[in-house]
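**Student:** Below: sequence and its predicted model.
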Amino acid sequence: MRYFILISLLITNINVWAQKDSSKSIEFTGYVDVYYAYDFTKPQNHEMASFLYNYKRSNEVNINLALLKASFSDSKVRANMALMVGNYAQYNLASEPTWAQFVNEANIGFRLSNKHNLWLDAGVLPSHIGFESAVGADCPTLTRSISAENSPYFETGAKLTYTNKSEKMFLSLLYLNGWQQITKPDFINQPSFGLQFNYKINKSLTFNYSNFAGTTAPDSLNQFRFYHHVFLQLINDKKLNFTLGCDVGSQKNGKQNIWIFSPLAIAQYKLNKKVNLTTRVEYYQDKNQMIISSTSPNGFNVLGASINIDKKITSKLLWRLEGKQYWSKDNIWGTSQNQNTIITTSLSMKF
């Protein structure tokens, strides 16, 4: 609570300063996402599977994310500061120091060219990998995909970005502290890098390629991760929207290269202006436990499917209900079955 009081005071002071200079643009936003989920494996500690980091608590009402954000921008400078609480922060930033676990964004950027849309930003930034974010209301499905849950939601470092004049092409180069890190872990001195290429083929169709090259283990272990994320997304005002994505990763572990592979497909159907139906099919294979730990003979090998209905109660208030099913090659749920069912409902508000 003291962090929310702090950001409220910060916003008030910025607002007073902004009134003296109307040429500068400052925006204040907030987001609250309250949910109830039921995991049919009935975990006694209320925590769902270890590979899930959002909507994590079973059989209880909880907050996935509560967020306050202040953004500043003019023609040459921009900055973002956002603080948060909730299950997303609790589980995604568990390895960070206490002060960092409340930081959603903290970055400053400046324009490098008067002629070109070329910017340099540094600090805690949203991830350049993936089309799903921590803000559930901005995502097509209520819960996140397995690939989104096990790739970065945020990153810390410096980012050089370029957008062409037509705003169809976006290119970003990144120097990073690591794989979803705010503070760099001990015994890791090697840098990590990233790239993102995003191209709007037309008004509705977007292609994206992102990657990560770096290490997630102490330098002495000589491990190097190379991760690729690709998606093709069709978003328009018509009845159907589609997303096709795939994550492929390799990691050197001594002399052995180990791999993950995760394709997915999402289809959204608009019943009317206020109601959507969305379905997702996904597969995640991590046989050698590159990212997801599993003691089963075949490693982590899971097929998932979900369907959700969304209802816009008002322009700011969204209700969602999702049913999700996982099938595993091995028994990884601690029950007698190789499958799991989860039902989740949420009420979220952007303001």
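**Tutor:** Yep, it's here.
**Student:** Let me see the ranges of the helices in the stretch 1-150 of the chain.
**Tutor:** For the stretch 1-150 of the chain, the helices defined by DSSP state H, counting those that start in this stretch cover 2-18, 87-92, 146-149.
**Student:** average pLDDT for the first one?
**Tutor:** Spelled out, it's helix 2-18. Average pLDDT, helix 2-18: 45.
**Student:** What of stretch 167-175?
**Tutor:** Across stretch 167-175, the average pLDDT comes to 97.
**Student:** Now do the buried residues in that stretch.
**Tutor:** 170, 172, 174 (16 or more other Cβ atoms under 10 Å). From N, CA and C alone the C-beta is placed, and that goes for glycine too.
**Student:** so what's the nearest residue to the last one once chain neighbours are set aside scoring on pLDDT?
**Tutor:** Once its chain neighbours are removed from consideration, L174 has its nearest residue in G194; the separation is 3.8 Å (Cβ to Cβ, 6 or more residues apart in numbering). At G194 the predicted local distance difference test score is 98.
**Student:** For G194, what is the enclosing helix or strand?
**Tutor:** strand 192-200 (DSSP states H and E).
**Student:** Share the number of residues neighbouring W327, please.
**Tutor:** When neighbours are counted by other Cβ atoms under 10 Å, W327 registers 14.
**Student:** Sorry, slip of the keys, the one I care about is L67.
**Tutor:** The burial count for L67: 23, using other Cβ under 10 Å.
**Student:** May I have the residues that are in contact with it?
**Tutor:** 29-32, 82-84, 104, 134-135 (Cβ atoms under 8 Å, 6 or more residues apart in numbering).
**Student:** per-residue confidence at it?
**Tutor:** Predicted confidence (pLDDT) for L67: 97.
**Student:** From N150, how far out is E282?
**Tutor:** 12 Å (Cβ to Cβ, to the nearest Å).
**Student:** Same question for N54.
**Tutor:** 12 Å.
**Student:** Pick out whichever of those two has more residues nearby.
**Tutor:** Neighbour totals were compared for N54 and N150, and N54 leads with 26 against 22 (other Cβ under 10 Å).
**Student:** contacting residues around the more buried one?
**Tutor:** The contact partners of N54, taken as Cβ under 8 Å, 6+ apart, are 64-65, 87-88, 91-92, 134, 136, 143-144, 149.
**Student:** would you turn the residues you listed into CSV with neighbour count?
**Tutor:** Formatted as CSV, the contacts of N54 follow (neighbours: other Cβ atoms under 10 Å):
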residue, neighbour count
N64, 28
L65, 25
N87, 21
Y88, 25
Y91, 18
N92, 21
A134, 27
G136, 23
T143, 28
R144, 23
E149, 22
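**Student:** Which one of those is nearest to G109?
**Tutor:** Distance to G109 across those (Cβ to Cβ) is lowest for A134, with 20.0 Å.
**Student:** Which of the contacts of L67 fall in strands?
**Tutor:** Counting by DSSP state E, these place 29-32, 82-84, 104 in strands.
**Student:** Write the ChimeraX selection for whichever of those residues are buried.
**Tutor:** Buried subset of the ones in strands among the contacts of L67, written as a ChimeraX selection, criterion 16+ other Cβ under 10 Å:
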select :31,32,82,83,84,104
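**Student:** nearest to L347, of the ones in strands among the contacts of L67?
**Tutor:** V32 (8.6 Å).
**Student:** Confirm for me that that closest one is in contact with N64.
**Tutor:** No - using Cβ atoms under 8 Å, V32 is not in contact with N64; the gap is 9.2 Å.
**Student:** Next, count neighbours for the closest residue to K287 other than its chain neighbours.
**Tutor:** Leaving aside its sequence neighbours, K287 sits nearest to G299 (Cβ to Cβ, 6+ apart; 3.8 Å). Neighbour count of G299, defined by other Cβ under 10 Å: 20.
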